[in-house]
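*Asks:* could you look at this predicted model? Sequence included:
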Amino acid sequence: MYMIENSILGFFAVSGFALVISLLVAAGLYLLFSYGLYRLAERTRVDHSWLAFIPYVQYYPLGKILREIRICGFVIPHMEWVLLAAPLVYSLLALIPFINVIASIAYFIFYAIVTYSLFNKYSRYALVMTIVSFILPFFFPIFVFTIRNNTLIKK
């Protein structure tokens, strides 16, 4: 009986340690992304650039940095509002059977384009950074942090 209790305690100790490490890594990545976005917003003179530190609301400065996106000749203006509305619209569409699959694909493609557009404005390696960010998502905040001081390449 004593060995079983020790195994259970050991399991919880290892699990707790892994949880703490995971939370520290997640917090570090969040801070990298928020600070990188904040610096990009400051450098592009976005009002209320401090919003980059507030989850979900950080889409507003991201949209202000992007301004507009061109997709197949179609221009999406006011990206700050589109980026704020997109998760809400997706959440509603995800509740409808069959449409949820189409909405998921469209949402994924939309955010791939947004990610590429951000990286394309500040890096010559936008395609590589976008692909790596979608294969290994923890690289996205690292990339945003690394481009924070880059000069604007494309408007």
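*Replies:* Sure thing, it's come through. Numbering: from 1, shown residues only.

*Asks:* what's the burial count for the closest residue to Tyr38 other than its chain neighbours?
*Replies:* Nearest residue to Tyr38, sequence neighbours excluded (Cβ to Cβ, 6 or more residues apart in numbering): Ala52, at 4.0 Å. C-beta here means a position set from N, CA and C on the backbone, and glycine is covered the same way. Using other Cβ atoms under 10 Å, Ala52 has 25 other residues around it.

*Asks:* quick check, Ala52 in contact with Ala41.
*Replies:* Yes - here Ala52 reaches Ala41: they are 5.7 Å apart, a contact under Cβ atoms under 8 Å.

*Asks:* point out the other helices and strands that the helix or strand containing Tyr38 packs with.
*Replies:* For Tyr38, the host element (DSSP states H and E) is helix 2-43. Applying 3 or more Cβ pairs under 8 Å, 6 or more residues apart in numbering; DSSP states H and E, one finds that helix 2-43 contacts helix 59-66, helix 139-146.
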